[in-house]
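In: just to be clear, the model below is a prediction. Sequence and coordinates:
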Amino acid sequence: MHNSKKLSIIELLSCDAIRDNGNILADIVLLQKGLYKEIGWHYYVDLIWIVNRLRENEIYPGSTILDAGAGNGLLQYLLSLYGYNVISIDFSPRKISLLAKLVFPFEIMQSSVEFESPYINHIRESGNLRNKFLKLWSLIRSGNLGIFAYARLFIKVRTGKDKPGRIIFHQSDMQNMKSIDDSTIDAVVSVSAIEHMEIGSVKLALNEFRRVLKTNQPIILTTSASKSDDWFHQPSAGWCFSYETLAEVFRLAEKTVNEFSDYDEMLYEYKHNSFILKHLASIYKVKNEPGKQPETWEPSYLPVGIVTYNE
């Protein structure tokens, strides 16, 4: 693909995407139900935004996409559903669920190297048996565990217009992806991963993304945004980055417009979005005690999307 020079962007992600992208949203919900997965409160918006940016950049089905920090998340399955081949990178060893194996074409390339980080410990704690039961119960109560959803997912994948792309699991640190050759990737995507890294590590990861990307191809990712100064969100073990920090890390040539001016208004819209409230994962459910003032779920940061290019 021949590209003229493209401008990098940093933009807060509006929950209006849920209203305006019914087809992609329906696919996300089908994957969620069919694979029995809960997702973060803003992930519906994140995933829609990433898919739309891929299409805007003319990244077509059959292309090879690197999903950085993929874990066991839905993005890799959504991309496969749309016909993309996915290089799924994460530093944790992963097992493919039987449900996913029967639907999507997989390959696993594990590593003998042990990776340790505070976020790995956070994931292990959230994945204990009690929390898994709570997640399953939450899916049942919210209607996100459809008894026929898996059958619908199987039929959609096998009979869709795009042949499902192959997903290849690599156990690797995104700062040093030795198993990925130079200039072999059509686009790098990442959903809500870099906030779990220090700034220096994010810069190293970006260098690796540029190494594996073909020339002029995009890096498309989402993370957490702060209204002003950087701060650490303890419940998710992740940083919320200011516009200035993101502009510096992603080497924006011009820092003239602060796109975070509508921050408070957009945060309010997320708090009151009926779809998000209905589909909240179990970890966000507020437990009100008898005799105390009822509490409500309160988002404390916004998702932000960044697009930059390997020029």
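Out: Good, I have the coordinates.
In: quick one: residues contacting the residue sitting nearest the centre point of the chain.
Out: Among the residues of the chain, the one closest to the centroid is V191, at 2.3 Å (Cα atoms, centre = their mean). For V191, the contact set (Cβ atoms under 8 Å, 6 or more residues apart in numbering) comprises 43, 46-47, 50, 67, 69, 73, 75, 221-222. Heads up, the C-betas are built off the backbone N, CA and C, glycines and all.
In: and for stretch 96-109, what's in contact with it?
Out: By Cβ under 8 Å, 6+ apart, stretch 96-109 touches 34-36, 77, 80, 94, 150, 153-154, 157-158, 164-171, 179.
In: mind listing what's buried along that stretch?
Out: 100, 103-104, 106 (16 or more other Cβ atoms under 10 Å).
In: identify the farthest-apart pair in those.
Out: Greatest spatial distance among those (Cβ to Cβ): V103 and F106, at 9.7 Å.
In: list the beta-bridge partners for L12.
Out: V304 (DSSP bridges).
In: what about it, neighbour count?
Out: Number of residues near L12 (other Cβ atoms under 10 Å) recorded here: 18.
In: wait, it touches L302, no?
Out: Yes. The pair L12 / L302 is scored as a contact, 5.3 Å apart, by Cβ atoms under 8 Å.
In: what sits in contact with each of those two?
Out: Taking Cβ under 8 Å, 6+ apart as the contact rule, L12 and L302 both touch 225, 263, 266.
In: which of these has the most neighbours?
Out: A225 (27 neighbours).
In: which of the contacts of V191 fall in helices?
Out: 43, 46-47, 50, 75 (DSSP state H).
In: helix or strand for R19, just tell me which one.
Out: Using DSSP states H and E, R19 sits in helix 16-20.
In: which parts of the stretch 201-311 of the chain are strands?
Out: Taking DSSP state E, counting those that start in this stretch as the test, the strands found in the stretch 201-311 of the chain are 218-225, 231-233, 238-240, 302-309.
In: now tell me what touches the last one from outside.
Out: What it means is strand 302-309. Strand 302-309 is touched from outside by 3, 6, 8-13, 42, 45-46, 49-50, 53, 57, 192, 216-225, 241, 246, 250-252, 263, 266-267, 270, with contacts defined as Cβ under 8 Å, 6+ apart.
In: among the residues you listed, the buried ones, what's the PyMOL command?
Out: Command for PyMOL that selects the buried part of the contacts of strand 302-309, burial taken from 16+ other Cβ under 10 Å:
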select buried, resi 8+10+12+13+42+45+46+49+50+53+57+192+217+218+219+220+221+222+223+224+225+241+246+250+252+263+266+267+270
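In: just the buried members of the contacts of stretch 96-109?
Out: Among the contacts of stretch 96-109, those classed as buried by 16+ other Cβ under 10 Å are 34-36, 77, 80, 150, 153, 157, 164-165, 167-171.
In: want to throw the ones in helices among the contacts of V191 into CSV with distance to I87?
Out: Shown next, in CSV, are the ones in helices among the contacts of V191 (distance: Cβ to Cβ, whole Å):
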residue, distance to I87
Y43, 20
D46, 19
L47, 18
I50, 15
L75, 12
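In: widest-spaced pair of these?
Out: Largest separation among the ones in helices among the contacts of V191 by Cβ to Cβ: Y43 and I50, giving 10.1 Å.
In: show me where the stretch 151-300 of the chain has helices.
Out: 199-212, 243-249, 263-271, 274-278 (DSSP state H, counting those that start in this stretch).
In: what's around the closest residue to L74 other than its chain neighbours, how many residues?
Out: Of all residues not flanking L74 in the chain, L31 sits nearest, at 5.3 Å (Cβ to Cβ, 6 or more residues apart in numbering). Residues contacting L31 under the criterion other Cβ under 10 Å number 24.
In: same question for N85.
Out: Around N85 there are 18 residues (other Cβ under 10 Å).
In: picking up where we left off before, ok, so of the contacts of V191, who is nearest S282?
Out: The shortest approach to S282 among the contacts of V191 belongs to Y43, at 14.3 Å (Cβ to Cβ).
In: circling back to that earlier point, out of the buried residues of stretch 96-109, name the ones that lie in helices.
Out: Using DSSP H, the buried residues of stretch 96-109 in helices are 100, 103.
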